[in-house]
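# Mind looking at a prediction? Sequence and model below.
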Amino acid sequence: MFMEGARAEGDELIADYVECLMSLDTNTRPGETDQQVIGNSGQESTSISAQTIEHTEAKDLVTAIVGDVKQEPYLGMEFDSDEAAKTFYNDYARRLGFPFRVGRSRRSKGVQEVLIMKRFVCSKEGVYRKKPTNEGTRKRERISMREGCKAMMEVIRDSNRWVVTKLEKAHNHHLGTCSRVGYLRARGFIDTAEKISIVASDAMSLLRQNAFGEGGDAQGLLDYFKKMQAQSSAFFYAIQVDNNSCLTNAFWADSRARSAYSYFGDTVTFDTTYKKNKYMMPFVTFSGVNHHLQPVIFGCALLIDETEFSFIWLFETWLAAMGGRPPPVSLVTDQNRAMAAAIAKVFPNTCHRFCKWLILSRSKQKLAHVYSAHPTLRAELEKCVIESETVRCFETSWVSILDKYDLRKNTWLQALFNIRQRWIPLYMKDTFFAEMSPTQKLETMNEFYKKYFNTKTSLKVFLTQFDLSMENRYDEELQADSFTLCTKPLLKTASPIEKQAAETYTRMVFEKFQEEFVESLGYSVYKIKDGTISKFTVARDEDALESFIVTYDTAKGTASCSCKHFEFSGILCRHVLGVFLMVDLHMLPEEYFLKRWTRNAKSDVLLDDCSDELQKKGTSSVEIYKAAKDALQKAFAEIAIVEKSAGKGEQRDAININEDITVDEAMTNQSLQDPERKVTNLLGHLLGSTWSPM
């Protein structure tokens, strides 16, 4: 249900969102659009064959075309009602890309007038005639859509059926280039749930201007792509154009983004949060989390045209840019019908989940009046979603909240509960999402947008600021590498398991593991089944109502838990660790250390700036190659530590000044101040006297 006029735009979008959640159907506007790609090969005009994506939303009231996938109108077609005919023509018009209106209708004569005819026409039907005005009266000129188009469909009542008696399918204008946004929205061309106008030419021009600079000129973006590719042949970019040769969407990924996907691309977030802020350009990112629990980018795009066709193009292009590596195991996105349909086609084996944080954020707006009346509701609802440890606990708590506040008839909450398997993590615990705790929230680019971008920011400035932001993130990863390599965590027990984990994981991941390990000491473990495959029940001492079942294989020394924490996060849960302590297991099997969380997550990575040279020199000797790589990585780690301590002396305690940090004996004070000289000396020593830097 939508209220117009007084209702705030945010509430209107929320209402649209509820409809999306309840229907979860496909919103498409397919068309035969020639696509053009400029990729990492630098070759222009690489053609992608035109594709027509059929609209799959079948209307039950259309009875004459059950087997017709294209749903083309024809003379003699029958409908159950005039509204069914209108619904059909609306879908047909959406597919072709033109707005329509009811041109004529006729009622029967007599005491009881009955509607007997309706004619649906293209909105460009007819000819505009300027009405005469009184002298001295000034009226605002209105833009007319009418171009004399004769396309129409007329239906007439025949008993209880409505039959197509007149039909004209030809248009005298280009399709998909209409200009009245409001009219298109009223006819369903622009789905407000997607929060962006993409069909109308005037809206498209505005978006292109916001995205590509003054006048909508995309040359600056292409120049940026070519410059980046000249600097690195591994830089990938692709563009999509419409049948008017106007750039609609663009994608790019640098070498570090493509490399990061090979190590951390098992779970991906497709971030479209720019849509919640009218000042943001249509910029989206593919992101994930690295071995330090830091956000990492896998690619970026300017996405103006948000149809299913464009999402399919973007997802397929992104996969191609990632070097043909397997699709992610899991994908987290906002809810969008066109996007969801594209994901189902491009990532059929990927577990797709809606972001719980975005849904909870919308709930703050949608339930604002309820929250105001019941101040404790918001905290209880969020606690139910975030802190419930089992599905039974979540569902019981949810129903209890609805009953407590008499909200069983609340449309928003009904919709959310009906699709709980699509956004509540508890229902997808057997799939890897790299989430260590229920409160973990992957940083989005929202803060970056707010800091660096507004409607007056040029694309050139935006790209420059974005590149600087990415450099800062790479520096933060390097600092985390340094911190892990050059410091030792404080162990809280004498257990060899904790020591093993400390030597294997990065510091941030070890802290999460250590939390689980310490918590395991507060659980009671009871054996409920003996044998080679034994079973244990594990529960808190003070709360035995919620218990977990751990299955333990004594021969292999492996275990699995009903909470599925390891499958979901990649580190062992407190319940399995409690069982391991009980059976006196001294070391964890290697299979419980996912490489992506370890210090060696990127063990075969070479630093980008030196990788080409090292590969050339290293081909002569595998041993020299490995030695040079290890020494270079160690050097950079040590340098980063020293630079950090020199620049921020007050943070020296964070690096644990009581630990002895081993520094290469050949590293003098002067070389510490000259990182480039240190790296050069190391490589020269390892690769021989004939080596010199390029």
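Cool, got the structure. Please read these numbers as outputs of a predicted model, since none were measured by experiment.
# pull the helix or strand with minimum mean pLDDT from the protein.
One helix or strand of the chain scores below all others by mean pLDDT, DSSP states H and E: strand 46-48, with a mean of 29.
# isn't there a strand covering Ser287?
Yes - assessed with DSSP: H, G, I helix; E, B strand; the rest coil, Ser287 lies in a strand.
# Just give the number of residues close to it.
Residues lying near Ser287 (other Cβ atoms under 10 Å) number 23. Glycine gets a C-beta too; all of them are placed from N, C-alpha and C.
# right, and it touches Asp271 too?
Yes - here Ser287 lies in contact with Asp271, judged by Cβ atoms under 8 Å, at a distance of 5.8 Å.
# which helix in this structure runs the most residues?
Assignment by DSSP state H gives helix 459-486 as the longest helix of the chain.
# what is the mean pLDDT for it?
On average, the pLDDT along helix 459-486 is 88.
# just checking, what packs against it?
Using 3 or more Cβ pairs under 8 Å, 6 or more residues apart in numbering; DSSP states H and E as the contact test, the elements touching helix 459-486 are helix 219-231, strand 295-303, helix 446-452, helix 507-520, helix 622-647.
# after that helix comes which helix or strand?
helix 496-504 (DSSP states H and E).
# List the buried residues in that following helix.
Ile497, Glu498, Ala501, Ala502, Thr504 (16 or more other Cβ atoms under 10 Å).
# outside of that helix, which residues touch it?
Residues outside helix 496-504 that contact it (Cβ atoms under 8 Å, 6 or more residues apart in numbering) are 488-489, 491-492, 510, 513-514, 517, 577, 580-581, 585-588, 593, 598-599.
# Report the angle between it and helix 507-520.
Put simply, helix 496-504 runs at 170 degrees to helix 507-520, going by axes from the mean of the first three to the mean of the last three Cα atoms, to 10 degrees.
# Mean confidence (pLDDT) on helix 496-504, please.
The pLDDT scores in helix 496-504 average 96.
# and what of stretch 291-303?
92.
# just stretch 341-354 next, same as before
95.
# Tell me which residues are up against that stretch.
With Cβ under 8 Å, 6+ apart as the test, stretch 341-354 has contacts from 26-28, 56, 308, 311-312, 314-316, 319, 327-335, 340, 419, 422-423, 425, 428, 431, 433.
# which of those count as buried?
Among these, the ones that count as buried by 16+ other Cβ under 10 Å are 26-28, 308, 311-312, 314-315, 319, 327-335, 340, 419, 422-423, 425, 428, 431, 433.
# for the stretch 51-200 of the chain, which spans come out with low pLDDT?
For the stretch 51-200 of the chain, the stretches flagged by pLDDT under 70 are 51-70, 111-112, 128-145, 176-200.
# If we use 50, what do you get?
Within the stretch 51-200 of the chain, the stretches with pLDDT under 50 are 51-69, 140-143, 177-200.
# Run through the strands of the stretch 251-400 of the chain in chain order.
With DSSP state E, counting those that start in this stretch as the criterion, the stretch 251-400 of the chain has strands at 267-271, 283-289, 295-303, 330-333, 351-354.
# before we move on, what about the stretch 101-250 of the chain?
115-122, 152-158, 161-168, 236-241, 247-253.
# possible to save those as CSV with distance to Ala480?
Shown next, in CSV, are the strands of the stretch 101-250 of the chain (distance: least, Cβ to Cβ, whole Å):
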stretch, distance to Ala480
strand 115-122, 59
strand 152-158, 63
strand 161-168, 66
strand 236-241, 26
strand 247-253, 22
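# Let's have those strands in CSV, adding distance to Leu302 and mean neighbour count.
Below are those laid out as CSV (distance: least, Cβ to Cβ, whole Å; neighbours: other Cβ atoms under 10 Å):
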stretch, distance to Leu302, mean neighbour count
strand 115-122, 31, 20
strand 152-158, 37, 19
strand 161-168, 38, 17
strand 236-241, 9, 24
strand 247-253, 5, 25
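# do you know which of those strands lies nearest Cys573?
Nearest of those to Cys573, taken as Cβ to Cβ: strand 247-253 at 34.8 Å.
# Please name the strands paired to the closest one in the sheet, noting orientation.
Sheet pairing for strand 247-253, assigned by DSSP bridges, gives strand 236-241 (antiparallel), strand 295-303 (antiparallel).
# out of the ones you listed, nearest to Phe483?
strand 295-303 (17.0 Å).
# relative to helix 459-486, how tilted is that closest one?
160 degrees.
# List the buried residues of strand 295-303.
Pro295, Val296, Ile297, Phe298, Gly299, Cys300, Ala301, Leu302, Leu303.
# cool, and stretch 518-536?
Residues of stretch 518-536 classed as buried under the neighbour-count rule (16+ other Cβ under 10 Å) are Ser520, Tyr523, Val525, Ser534, Lys535, Phe536.
# can you put the strands paired with strand 247-253 in JSON lines and add distance to Asp541?
Putting the strands paired with strand 247-253 into JSON lines (distance: least, Cβ to Cβ, whole Å) gives the following:
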{"stretch": "strand 236-241", "distance to Asp541": "55"}
{"stretch": "strand 295-303", "distance to Asp541": "37"}
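# out of the ones you listed, nearest to Asp553?
Ranking the strands paired with strand 247-253 by proximity to Asp553 (Cβ to Cβ) places strand 295-303 first, at 34.9 Å.
# And the contacts of the closest one?
By Cβ under 8 Å, 6+ apart, the residues outside strand 295-303 that reach it are 211-212, 221, 249-253, 257-258, 260-261, 264-265, 268, 272, 281-290, 310, 314, 318, 321-322, 442-443, 466, 470, 473, 477.
# Any of those buried? List them.
The neighbour count (16+ other Cβ under 10 Å) marks 211-212, 221, 249-253, 257-258, 260-261, 264-265, 268, 272, 281-290, 310, 314, 318, 321-322, 442, 466, 470, 473, 477 as buried among the contacts of strand 295-303.
# No further queries at this time; thank you.
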